[in-house]
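# Kindly return the folded structure for what I paste below:
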Amino acid sequence: MGSATNVPDNDVTTEFDYETLLDGTPCSEVIAQKFASHFLPPLYSLVFIFGLLGNSLVVLILVKYKKLKNMTDIYLLNLAISDLLFIISLPFYIYYAAHHWIFGDIMCKILSGINLIGFYTGSFFIILLTFDRYLAIVHAVFGLKARKAIYGSIASVITWGVALLASLPAFIFTTAQETSSHWTCSTRYSNETQDRWNRFMTLKMNLIGLIFPMVVMIFCYSRIISTLMKCRNEKKNKAVKLIFIIMIVYFLCWTPFNITLLLQTFQTQFSLNNCGGISNLFIAVQVTETIAMVHCCINPLIYAFAGEKFRKYVYSFFQKSIARQLSKYCSFPHAETLERSSSMYTPSTGEHEIAALL
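Just a heads-up that it's a prediction; the model follows:
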């Protein structure tokens, strides 16, 4: 899932257009840019590696083994694609953070738009997954009819369309420009509308990325926990713990960034528009933005790999792809038995409610 930047509706990487924000005062430029050039590239690289591996594996398992038979699988696939959409742009921003923008105006617009689409779709599909779990647990009978793959596909198409429309300002207003010392890729509005656009985009991102998911999660998961507490299934405690992990991880990743973005956009109202305040806000946005990016690496763990059945598919995949290649040199007498037991695994009929979570 992509994230935003210090200038709302920007590309995913914090921009270095300090002269505009500082009204010509360069006092924070050296500090912030030096911090970014050392701090961002190694962390972006880690996010790229682990996010690419984890989400690619989710896509592979869902397509190869699960065959996208229900709404949950459809949403998990789209969430992984959303994260991958953001992740594949990171190499460009790794170079940008360490040096300057060299990829031209068209790539600036495309990558900025892609990252914002990834941000919106990531939030939307997490909300849809939450509601899907709510239907599966709280309204199990109705959920059997409503949670079909075709409905999930329709909802996914609509979600991507809405995200594309919401991201149009990035394609329109983001541009590559040359400053006195380097090229930047940043959002440019007219002088008359700059403040209004920045505030609107920041509030929109906070609404979509934090407030709306928080309201949906609190409502749905409180009802889910209430339902599970009445259930005698032995996996109840594990399911409840997973719910808290999902909520805590999401808000730990996204809350600092959204709050920092608000402070930066409304820095005048918070009396942070001095040299030191602007410099600290730039650094804070860079740090919290990177924390938010980490969520796309954690998504495969909490939404897919936490499930017992999904882990068995992963085990089966590596068994076929890796263990058999090594079988020329080593013997695996139990490989066939393990593979067969993995492919035949299905939750018992008494676990159908909690299986939506695990």
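
# so how far is Tyr134 from the nearest residue to Met71 once chain neighbours are set aside?
Once flanking residues are discounted, Met71 sits nearest to Gly152: 3.6 Å by Cβ to Cβ, 6 or more residues apart in numbering. C-beta: built from backbone N, CA, C; applies to glycine. To Tyr134, Gly152 is 14 Å away according to Cβ to Cβ, to the nearest Å.

# now do Pro256
Relative to Tyr134, and taking Cβ to Cβ, Pro256 is found at 27 Å.

# Look at those two and report which has more neighbours.
Tyr134 (21 against 17; other Cβ atoms under 10 Å).

# From what I see, that one and Ser222 are in contact.
No - checked against Cβ atoms under 8 Å, the pair Tyr134 and Ser222 is beyond contact range at 9.9 Å.

# pretty sure Lys66 contacts Lys312?
No - look at Lys66 against Lys312 with Cβ under 8 Å: they stay out of range, at 11.2 Å.

# quick one, helices of the stretch 51-200 of the chain?
For the stretch 51-200 of the chain, the helices defined by DSSP state H, counting those that start in this stretch occupy 71-87, 90-98, 104-138, 140-146, 149-166, 168-173, 194-206.

# Give the buried residues for the host helix or strand of Leu228.
Assigned by DSSP states H and E, Leu228 falls within helix 212-229. Going by neighbour count (16 or more other Cβ atoms under 10 Å), the buried part of helix 212-229 is 213, 216-217, 220-221, 224, 227-228.

# which among those gets closest to Leu43?
Leu43 lies nearest to Pro213 out of the buried residues of helix 212-229, by Cβ to Cβ, at 23.8 Å.

# Which other helices and strands does the helix holding Leu228 contact?
Other elements packing on helix 212-229 under the criterion 3 or more Cβ pairs under 8 Å, 6 or more residues apart in numbering; DSSP states H and E are helix 104-138, helix 236-265.

# Tell me, what's the model's pLDDT at Thr159?
At Thr159, the predicted lDDT confidence score is 96.

# That one touches Asn78, doesn't it?
Yes - using Cβ under 8 Å, Thr159 is in contact with Asn78, at 7.3 Å.

# Quickly list what's touching both of these two.
Taking Cβ atoms under 8 Å, 6 or more residues apart in numbering as the contact rule, Thr159 and Asn78 both touch 121, 125.

# how close does Val314 get to Tyr65?
Taking Cβ to Cβ as the measure, Val314 falls 9 Å from Tyr65.

# do Tyr221 as well
From Tyr221 across to Tyr65, the span is 28 Å (Cβ to Cβ).

# And Gln286, by the same measure?
For Gln286, the distance to Tyr65 equals 39 Å [Cβ to Cβ].

# before we move on, back to that, send over the helix holding Leu228 as PDB, restricted to the C-alpha atoms.
Extracted C-alpha coordinates of helix 212-229, given in PDB (Å, rounded to 0.1, in the frame of the first residue of the first chain):
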ATOM      1  CA  PHE A 212     -12.700   5.600   8.300                       C
ATOM      2  CA  PRO A 213     -10.700   2.300   8.800                       C
ATOM      3  CA  MET A 214     -10.600   3.000  12.600                       C
ATOM      4  CA  VAL A 215     -14.400   3.400  12.800                       C
ATOM      5  CA  VAL A 216     -15.000   0.300  10.600                       C
ATOM      6  CA  MET A 217     -12.500  -1.900  12.600                       C
ATOM      7  CA  ILE A 218     -13.800  -0.800  16.000                       C
ATOM      8  CA  PHE A 219     -17.400  -1.600  15.000                       C
ATOM      9  CA  CYS A 220     -16.800  -4.800  13.100                       C
ATOM     10  CA  TYR A 221     -14.200  -6.300  15.400                       C
ATOM     11  CA  SER A 222     -16.100  -5.500  18.600                       C
ATOM     12  CA  ARG A 223     -19.000  -7.400  17.200                       C
ATOM     13  CA  ILE A 224     -16.800 -10.200  16.100                       C
ATOM     14  CA  ILE A 225     -15.200 -10.500  19.500                       C
ATOM     15  CA  SER A 226     -18.600 -10.500  21.100                       C
ATOM     16  CA  THR A 227     -19.700 -13.300  18.800                       C
ATOM     17  CA  LEU A 228     -16.600 -15.400  19.300                       C
ATOM     18  CA  MET A 229     -16.800 -15.100  23.100                       C
END
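
# average pLDDT for it?
Average pLDDT, helix 212-229: 89.

# before we move on, back to that, dump the helices of the stretch 51-200 of the chain to TSV, plus distance to Phe266.
Listed next are those as TSV, based on distance: least, Cβ to Cβ, whole Å:
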stretch	distance to Phe266
helix 71-87	26
helix 90-98	25
helix 104-138	20
helix 140-146	41
helix 149-166	21
helix 168-173	19
helix 194-206	7
